[in-house]
Every structure is written in structure tokens, then in C-alpha cells.
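Enquirer: sequence plus predicted model, see below.
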Amino acid sequence: MIEPTPRRNAKIVATIGPASWELETLKSLLTAGVDVVRVNAAHNTIDIRRQIVATIRTAAEQTGRCIAILQDLSGPKPRTGPLPDGETISLRRDQMVELVPGDAQLEPNRISVDDVKLFAQLAEGQRVLIMDGLIELVVTSCSPQSVQARVVRSGYLRGRQGITVPGATLPPREISAQESADIAFAAEVGLEYLGVSFVTCAEDIDMVRTELQRHGGQCGIVAKIERPEALDSLHEIAHHADAIMVARGDLGVQLMPEDVPIAQKRIIAIARRHGTPVITATQMLESMITQPIPTRAETSDVANAILDGSDAVMLSAETATGQYPLEAVEMMNRIITAIERQYPPTRLESTDGPITTASLIARAANDIARRAPLVNLIAVFTRSGFSAQEVARERPVVPIVALTNHDYVSRKLSLVWGVTSIVAPFANDTESLINDMTRRLVGSACVAPGHNILFVGSLTVFNEPGHTNLLHIRSV
């Protein structure tokens, strides 16, 4: 499905929750511009998620949108106990609360912590941050089964919220039984992406990929950068992951506030140099959870993420539980479109990783498009999505259309900057393939008579991915 004019290159990821998982609401969000739908496995069961995924796919079919689904694994993130949907507990400054191990339902003065090992590490004077630091407690006394804490930053606590204890020892990443079940579910229903929390090294990604392959899945792995340790291994993580997420919520409670923008820019820059799609996430339009327009600072935050080179920007509570999910998506779309109209994409000056034929062809295609105004569109033949991703890394000034014979590849490319897709069978010879795809591009209104298409792909090998070696200009 080709994006409506004006063309938008950066993609929108929207988290689905009680405010948005009904069919009609989902259809409105997809029509407004959502490209990737995120489902958080920490907040629902597999049976509920199965229905959510079916509804997302129905909405995509009925709106004619090509949509990827990203399932976030719950990960080793400690969380509070549950509360019924819509209910909150008010925590007042200087109020004393009791922390207990387990997963009991929250009470006004009692907060359960589901990570027993983390609970055992709590000591007097430690800070306990909840909901990405919006609520802060300080431990005043401890016993084996109970911890007393004072509220120093007040707020309204919802159920199943993340807990961070700065300085606490992080155990080696393991795949829990629940995560294994969630990975198996993703493989079973053919989800496009898996979000992996608290990645600290490339081995964490490889471990999840091995488990995914054990279940026969082929999801792309999204490495969520949430810990300072990950910043020391960014190049390796970007090389092993299929996408990167700048998860500023947890990252923001591990780093000092002034260090988060610096980390964000570095993560985006390294991901771009590796050609790994990067999502900037968390609190982008936070005020739109409860009001219909964002603050000017939030608008600038989204704009700067686009200027930094993000492939996608993400909405979290704004669309999952907020009062204005549609308005949030529409606003995100407006901001991206306005910024891209005024600031054309910048050329990537250097890349990381091995120099391949595909990367050289992609750079040559970008140079041709920038130097030759006669080129109106770059069309990329791709079986795996890799060639289209390589072209997108270069940020060409003309539209990119991926020509693929796999619906699944088309959906995965919904996350990649600037790429839209056409799915069609491939002819067996170059001339027939180019003629057929030219007709399809004209029929989809991607080009018009008098335009010139720069085709990128494989000259001889159509049955195997990873053989990009063709540049061909065809007049319509």
C-alpha cells in the first residue's frame, strides 16, 4: 500500500491497549498513518493476544494497509502487582508504603514486587523508581518479607508497572518460561518483530533468535536499549539485531536526565551506520494521554528524533491507554510530514560493517538519484527485504518502492524508513520482470508516463536473496 501524499518517510509505531484495540478504533489509527502496531506481552495473556492480533490483521485488511506487528517480550523487568483495568492507587508525598515480594493485587499502602531476587537486594536508602521514574520511593527499613518505603515523588499507580532500582545488580539475561511461550506464539501466528527488553550484549539477541528458530519463527529481533551496559556494546548489538529501539523510559531512570539526549543521538547514529532500523520511543507525546494537543516541547522532541535519522517514532500510553489515541497518531503524522518537507534527508557519510556488493549498489543508486533529477523513484527487487533496507540506509531524495514476492517481507519493511511495497510474482528473466513491475508501478500511481525508474536488484539470480548487482534506469 503506497503512502498518501504528502509522502512520509519516517514510520509511526503505535502501542495497542484498552483505548485502541477495538476494530473500529484500530482502523482509524491505521488510516491516520500507523505503520507498525506494538503489543506488549507483559499486559495480556496469549489467548487475549491471539484475539488482538486477529483484530489488527482484520483492520489492516479492511483499510488496505500493509502493517507489521511488534510483540514486546515481557523480559526480566520487575513489575508491581496487578490492578483491574482503569483503576489506580494514589500515592502522596511522604506517605509510607509497604513493599512485599510476590504478585498480589495492589492495595493503597501495599505494593507487591514480582521479582523476588530484586526484592532481596533492597537496602535502606535505596531509590525505587516506578513507571519510568514518575513515582519514586526511598527505602527506610527492611526485613526478609517486608520493606518500608517513603514516597518522595507522588503519582497515580496503575497495575503491572515497571520497577527500577538504580545500582541493583542485573543477573545474566535468561529466557523465562513465559517468554518462551510468547516467542512460540509469535512464531505460530507469524508476527513480524519481537522486542527484546534489557539487551546488554549481542549474545542476548542470539539467545532469543535461537529460541525463535527452535519454534520455526522468522521474526525480526528489536533490541531495546534500556541499560547503560548496552551503550558499551552498541556496535555489536546493531550488527546482530534486526532493529534497535531507543527505550528512553528505562534508559532515563538508569542515566542522568541530561545524558539521555546524548545517548539517543549516539544510538541512532550507530544504528544508521550499520543499516539497522532504529525506533525512538517513550514519552514522545506524553501529555496527549490526557489532553488533545501536545506541548511545544514534545513537538520539538519528535521533530529532533526525525532530524537525527530515526526510521520510526513510537507512541506508547498515548495510544494504549490515553484519551486521545487518534489525535496522537494524527499529530505524529503532521509533525513528521512538516519536518521532512522542510529538511530533506541527509546522506550517510560513513557506514559500519563489511562493504558488500549490495551496499555499494545502494550507495550508487543514492548518488544517481541525488545527481540526476531525471530519476523519480527507486524500485528495489528484494526477496528478503535486505536490498531495500540497504537503499533506505542511504536516505535517497526520491521514493523507495520494494518489489517483493512475499507478503511477510512487505509487512516487515513497514518499519523501514521511506519504504513502501508492492507484492507480485517475479518473472524468470530480467526484461520481463522489469516490464511487469513498471506496469505495476504505473498502476499503483507510484510513477506516471514521462517518469524514470531506477531499478535496483539482481541481474541473474532471482531465486536467492542477497545478490544485489543491478542498476537500471527505465523510462515510463
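Expert: Arrived safely.
Enquirer: residues in contact with P396?
Expert: P396 sits next to 345, 365-366, 369-370, 378, 418 when contact means Cβ atoms under 8 Å, 6 or more residues apart in numbering. All C-beta spots, glycine's among them, are computed from the backbone N, C-alpha and C.
Enquirer: in helices only, show me these.
Expert: 365-366, 369-370 (DSSP state H).
Enquirer: of those residues, just say which sits nearest to D429.
Expert: When these are compared for distance to D429 (Cβ to Cβ), A365 wins out at 21.8 Å.
Enquirer: thinking I473 is in contact with H451, fair?
Expert: No: contact criterion Cβ atoms under 8 Å: I473 and H451 do not qualify, at 10.7 Å.
Enquirer: and the residue lying farthest from the centre of the chain, backbone torsions?
Expert: If you look at how far each residue of the chain sits from its centre, by Cα atoms, centre = their mean, the farthest one is S143, at 40.3 Å. Main-chain dihedrals, S143, degrees, to the nearest 10: phi -140, psi 170.
Enquirer: ok, it to V246 distance?
Expert: 39 Å (Cβ to Cβ, to the nearest Å).
Enquirer: what of A186?
Expert: As judged by Cβ to Cβ, A186 and V246 stand 22 Å apart.
Enquirer: T45 too?
Expert: Separation of T45 from V246 (Cβ to Cβ) stands at 29 Å.
Enquirer: and the two? Which one has more around it.
Expert: Per other Cβ atoms under 10 Å, whichever of T45 and V246 has more neighbours is V246, with 26 against 9.
Enquirer: okay, and the more buried one sits in which element?
Expert: strand 243-247 (DSSP states H and E).
Enquirer: so what's the gap between whichever helix or strand comes after that strand and the chain middle?
Expert: Next along the chain after strand 243-247, taking DSSP H and E as the criterion, comes helix 248-254. With Cα atoms, centre = their mean, to the nearest Å as the basis, helix 248-254 stands 16 Å off its chain's centre.
Enquirer: try stretch 446-459
Expert: Relative to the centre of its chain, stretch 446-459 is centred 30 Å away, using Cα atoms, centre = their mean.
Enquirer: restrict that stretch to CA atoms and write it as CSV.
Expert: C-alpha atoms of stretch 446-459 as CSV (Å, rounded to 0.1, in the frame of the first residue of the first chain):
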residue,chain,number,x,y,z
CYS,A,446,3.9,5.4,-8.0
VAL,A,447,5.0,6.8,-11.3
ALA,A,448,3.4,8.3,-14.4
PRO,A,449,4.2,8.5,-18.1
GLY,A,450,7.4,10.5,-18.6
HIS,A,451,8.9,9.4,-15.3
ASN,A,452,12.1,7.5,-14.9
ILE,A,453,12.5,4.5,-12.6
LEU,A,454,15.9,3.4,-11.2
PHE,A,455,15.7,-0.3,-10.7
VAL,A,456,17.9,-2.0,-8.1
GLY,A,457,18.2,-5.8,-7.8
SER,A,458,19.8,-8.9,-9.1
LEU,A,459,20.6,-9.3,-12.7
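Enquirer: looking at it now, give me its mean pLDDT.
Expert: Across stretch 446-459, pLDDT averages out at 88.
Enquirer: could you list the low-pLDDT ranges of the stretch 301-450 of the chain?
Expert: For the stretch 301-450 of the chain, applying pLDDT under 70 flags the ranges 353-354.
Enquirer: give me the distance between K11 and G33.
Expert: Taken as Cβ to Cβ, the span from K11 to G33 is 9 Å.
Enquirer: pick out whichever of the two has more residues nearby.
Expert: Legend: neighbour count by other Cβ under 10 Å for K11 and G33, higher for K11 (26 against 20).
Enquirer: residues contacting that one?
Expert: For K11, the contacting residues are 35-36, 311-313, 414-417, by Cβ under 8 Å, 6+ apart.
Enquirer: and what of L157?
Expert: Taking Cβ under 8 Å, 6+ apart, one finds 80, 83, 88-91, 106, 111, 130-131, 135 in contact with L157.
Enquirer: can you pull the contacts of K77?
Expert: 42, 162-163, 197-198, 250.
Enquirer: again, but for P78
Expert: Counted by Cβ under 8 Å, 6+ apart, P78 has contacts 113-115, 118, 162-165.
Enquirer: same list (those residues) but as JSON lines, adding distance to P399, pLDDT and neighbour count.
Expert: What follows is these, written out as JSON lines (distance: Cβ to Cβ, whole Å; pLDDT from 0 to 100; neighbours: other Cβ atoms under 10 Å):
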{"residue": "V113", "distance to P399": "50", "pLDDT": "93", "neighbour count": "22"}
{"residue": "D114", "distance to P399": "47", "pLDDT": "90", "neighbour count": "18"}
{"residue": "D115", "distance to P399": "47", "pLDDT": "88", "neighbour count": "18"}
{"residue": "L118", "distance to P399": "48", "pLDDT": "89", "neighbour count": "21"}
{"residue": "G162", "distance to P399": "39", "pLDDT": "87", "neighbour count": "20"}
{"residue": "I163", "distance to P399": "44", "pLDDT": "91", "neighbour count": "23"}
{"residue": "T164", "distance to P399": "42", "pLDDT": "87", "neighbour count": "23"}
{"residue": "V165", "distance to P399": "47", "pLDDT": "89", "neighbour count": "21"}
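Enquirer: hang on, the earlier thing: between I473 and H451, point out the one with more neighbours.
Expert: Between I473 and H451, H451 has the larger neighbour count (other Cβ under 10 Å), namely 17 against 12.
Enquirer: what sits closest to the more buried one if chain neighbours are left out?
Expert: Distances taken as Cβ to Cβ, 6 or more residues apart in numbering put N376 closest to H451, at 4.1 Å, once the chain neighbours are dropped.
Enquirer: circling back: outside of the strand holding V246 itself, list whatever touches it.
Expert: Residues contacting strand 243-247 (Cβ under 8 Å, 6+ apart): 193, 195, 197, 220-226, 237-238, 263-264, 267-268, 271, 276-282, 310-311, 314, 415.
Enquirer: and those, which of them are in helices?
Expert: Cross-referencing the contacts of strand 243-247 against helices under DSSP H gives 237-238, 263-264, 267-268, 271.
Enquirer: neighbour-wise, which of those leads?
Expert: A271 (29 neighbours).
Enquirer: is it true that that residue touches P277?
Expert: Yes: between A271 and P277 there is a contact under Cβ under 8 Å: 7.2 Å.
Enquirer: just checking, which of the contacts of P78 belong to strands?
Expert: Secondary structure from DSSP state E places 113, 163-164 of the contacts of P78 in strands.
Enquirer: which parts of the stretch 101-250 of the chain are strands?
Expert: If you assign secondary structure with DSSP state E, counting those that start in this stretch, the strands in the stretch 101-250 of the chain sit at 110-113, 127-130, 135-143, 146-153, 155-157, 163-164, 193-196, 220-225, 243-247.
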